[in-house]
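Colleague: build me a structure from this.
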Amino acid sequence: MSFQQLGVIDEILDALQDKQYTTPTEIQHKAIPLILDRKDVLGCAQTGTGKTAAFAIPIIQLIHNIEGDSNQKPILRSLIVTPTRELAIQIEENIKEYSKYTSIKHTVIFGGVKQGKQVERLRRGVHILVATPGRLLDLIGQGHLSLDTVKLFVLDEADRMLDMGFINDIKKLLKLLPEKKQSLFFSATMPNNIVKLSNQILKNPIKIEVAAVSSAADTVQQFLYYTNKSSKKSLLLHILNKHDIDQVLLFSRTKHGSDRIVRDLKKKNIAAKAIHGDKAQNQRQKALQEFKDRKIRVLVATDIAARGIDINELKYVINYDVPNEPETYVHRIGRSGRAGKEGIAISICEPEENSYVKAVEKLIKQKLQVINDNPFPQTEKPMTDAEKKEWNKEKQRRKQEFFANRKNKRQYSR
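Modeller: Numbering: from 1, shown residues only. From the prediction side, this is the model:
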C-alpha cells in the first residue's frame, strides 16, 4: 500500500517523497482514508507510530481542496490542540513540511513566550492552528481569535492532556467550537476518563487502535544493567564509552536529577543539556535544536518535557531512572526505532527499582536482556518497607532543616 493508493494528492506526495516517506505506517494506512471521508476518528496509538502524519496529511488535503490557491485572507479551518509546547512546535513543523507545495497557511501558539509575534501571525490569517490550551484560551479571551470557522478539530495526546490537568480547559474549548465539525481524537491509552471525554467530542466515531501501549516497537532492542544507586553515574560513563554512543536521549525521573546528570557529564567533557519544566521555553528549544544539529551528545529530559521530542534516526535511549509506571517505559523507548529504523534502549536499575523492571516486563510480556559484562554490578539489597518509611522521615527532616537554615541565613544577612 502506498500513499498514492490512499488517495493523497500530488502536492502532498511530492512533499512526502522529499522526506523519503514511501510506505504508510499502520495508523496512517487506517486513519488517512477515514479522515478524507470526513469521518470522526478515535485513535489509540503510542509514540513513534506516525500519528502526526496520520491526521496532518488528510487535514492539509481537505483544506487544500476547499481553499485551492485563493488569494483571499486565510480562514481558520483546523484547530489542533496538544498538551506541551514542544509537541505543538513539532506538529507545526511537520505540517510545514507536508504542505510546502500547497498554499496552506499555518502557525503555532503556546505559552511561556511573549504573544506579540503569535498575535501578528493570527492577524494575517491561517488555515491550520496548532495550540496549547492555556495560550489558546488566553488569546481567545483577548479577542485575537475566534473558533467559529473551525471545520476540523484534533485533540492530540489526550491522556497526557488529562494527566497535566487540562480537562477544564478542554471543556471550555468545546463550548467555543462549532457544533458541526469533524473531530479527531488521539491518545496513547484509553482509560475510562479518556473514553468519557471522547464521547463528548466525537459523533459516531470509527475507532482505530495501533501498537497498544503494552507493546514495545519490534525495531527496538532492550537491554538492562543492574547496579547500585551510588554507581549509576560511573556506569553511565561506561555505557557511553562501551557502546560508542554518538547521541542519546536520556531520561531522568526529576528536574533536579536532570540538571545533576548534565553537570556530571560536563565534568567529563561530554556535551550535554537538560530540558524540563523549570527551563525557559527558549532554553528548551535551543537545547533540542542543538541536539538535532548534533552539537550536543546527551539530551537529558523528564517525561513531560520529552513528550514532544521527535528526532529522526535517533538510535539510543537510556533510562537513567527506571519509571515507576511501566507504560511510561514504553513511551520512552518509543523515541528510538522510529519509521522502521533500529533502536536501542538501555535501562540502569538500582535496587529500589527492581520491582519497576518486573512491572515493565509483565506489561510488555518479555524479559529485558540483562548485560552481565558490568563493572558496577548490583550488590545492595532493596530497602524493606520499614526502612523506606524511616528513610522518608529522614529526608523530610533534612529538608526542613535545610530550609530553616536558609531562612536563618537570610534573616542574619539583613
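Colleague: burial count for the residue nearest to residue 368 when sequence neighbours are not counted?
Modeller: Of all residues not flanking residue 368 in the chain, residue 224 sits nearest, at 4.0 Å (C-beta to C-beta, 6 or more residues apart in numbering). Backbone N, C-alpha and C define where each C-beta goes, glycine included. Neighbours of residue 224 under the rule other C-beta atoms under 10 Å: 20.
Colleague: for residue 224, what are phi and psi?
Modeller: Phi and psi for residue 224, reported as degrees, to the nearest 10, are phi -140, psi 130.
Colleague: could we number from 16 for the rest of this?
Modeller: Let's use 16 as the start, then, which means that last one is residue 239.
Colleague: for it, list each beta-bridge partner.
Modeller: Following DSSP bridges, residue 239 is listed with bridge partners residue 362, residue 385.
Colleague: report the contact partners of it.
Modeller: Counting by C-beta atoms under 8 Å, 6 or more residues apart in numbering, residue 239 touches 361-362, 364, 372, 383-386.
Colleague: now a ChimeraX select for only the buried ones of those residues.
Modeller: Command for ChimeraX that selects the buried part of the contacts of residue 239, burial taken from 16 or more other C-beta atoms under 10 Å:
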select :361,362,364,372,383
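Colleague: closest to residue 192 out of the contacts of residue 239?
Modeller: The nearest member of these to residue 192, counting by C-beta to C-beta, is residue 362 at 41.8 Å.
Colleague: would you mind measuring from that closest one to residue 158?
Modeller: 50 Å (C-beta to C-beta, to the nearest Å).
Colleague: from the contacts of residue 239, pick the one nearest residue 206.
Modeller: residue 372 (23.4 Å).
Colleague: surely the closest one is in contact with residue 337?
Modeller: Yes: between residue 372 and residue 337 there is a contact under C-beta atoms under 8 Å: 5.9 Å.
Colleague: need the residues touching each of the two.
Modeller: Common neighbours of residue 372 and residue 337, using C-beta under 8 Å, 6+ apart, are 362, 364.
Colleague: average pLDDT across stretch 373-380?
Modeller: For stretch 373-380, the mean pLDDT works out to 90.
Colleague: stretch 293-304 now?
Modeller: Here the average pLDDT along stretch 293-304 is 81.
Colleague: for that stretch, buried residues please.
Modeller: 294, 299-300, 302-303.
Colleague: save these as a markdown table, and put in distance to residue 399 and secondary structure too.
Modeller: As requested, those are exported to a markdown table (distance: C-beta to C-beta, whole Å; DSSP: H, G, I helix; E, B strand; the rest coil):
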| residue | distance to residue 399 | secondary structure |
| --- | --- | --- |
| 294 | 37 | coil |
| 299 | 40 | helix |
| 300 | 45 | helix |
| 302 | 40 | helix |
| 303 | 41 | helix |
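Colleague: adding distance to residue 52, write these out as CSV.
Modeller: Shown next, in CSV, are those (distance: C-beta to C-beta, whole Å):
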residue, distance to residue 52
294, 42
299, 38
300, 37
302, 41
303, 36
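Colleague: most widely separated two among those residues?
Modeller: Largest separation among these by C-beta to C-beta: 294 and 303, giving 10.5 Å.
Colleague: tell me how many other residues surround residue 245.
Modeller: Other residues within reach of residue 245, judged by other C-beta under 10 Å, total 10.
Colleague: am I right that it sits in a strand?
Modeller: No: assigned with DSSP: H, G, I helix; E, B strand; the rest coil, residue 245 falls outside any strand and is helix.
Colleague: who are the contact partners of it?
Modeller: Residues in contact with residue 245 (C-beta under 8 Å, 6+ apart): none are found.
Colleague: how close does it sit to residue 393?
Modeller: Taken as C-beta to C-beta, the span from residue 245 to residue 393 is 11 Å.
Colleague: please apply the same query to residue 315.
Modeller: 23 Å.
Colleague: the two: which is more packed in?
Modeller: Ranked by neighbour count (other C-beta under 10 Å), residue 315 and residue 393 place residue 315 first, with 27 against 17.
Colleague: can you tell me the helix or strand for residue 378?
Modeller: Using DSSP states H and E, residue 378 falls within helix 369-379.
Colleague: now for that helix, which elements pack on it?
Modeller: Packing partners of helix 369-379 (3 or more C-beta pairs under 8 Å, 6 or more residues apart in numbering; DSSP states H and E): helix 341-348, strand 358-364.
Colleague: dump the shortest one to PDB, restricted to CA.
Modeller: Extracted C-alpha coordinates of strand 358-364, given in PDB (Å, rounded to 0.1, in the frame of the first residue of the first chain):
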ATOM      1  CA  GLY A 358      16.700   1.500  18.100                       C
ATOM      2  CA  ILE A 359      18.500   0.500  21.300                       C
ATOM      3  CA  ALA A 360      17.000   1.200  24.800                       C
ATOM      4  CA  ILE A 361      19.200   0.800  27.800                       C
ATOM      5  CA  SER A 362      17.900   0.900  31.400                       C
ATOM      6  CA  ILE A 363      20.000   1.400  34.500                       C
ATOM      7  CA  CYS A 364      18.400  -0.200  37.500                       C
END
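Colleague: any idea of the angle it forms with helix 341-348?
Modeller: 130 degrees (axes from the mean of the first three to the mean of the last three C-alpha atoms, to 10 degrees).
Colleague: give me the contact list for strand 358-364.
Modeller: For strand 358-364, the surrounding residues in contact (C-beta under 8 Å, 6+ apart) are 231-232, 234-242, 247, 250-251, 254, 258, 329-337, 344, 347-348, 351-352, 371-372, 383, 393.
Colleague: so which of the residues you listed are in helices?
Modeller: Cross-referencing these against helices under DSSP state H gives 247, 250-251, 254, 344, 347-348, 371-372.
Colleague: which of those residues sits closest to residue 283?
Modeller: residue 251 (9.7 Å).
Colleague: distance-wise, check that closest one relative to residue 336.
Modeller: Per C-beta to C-beta, residue 251 is found 11 Å from residue 336.
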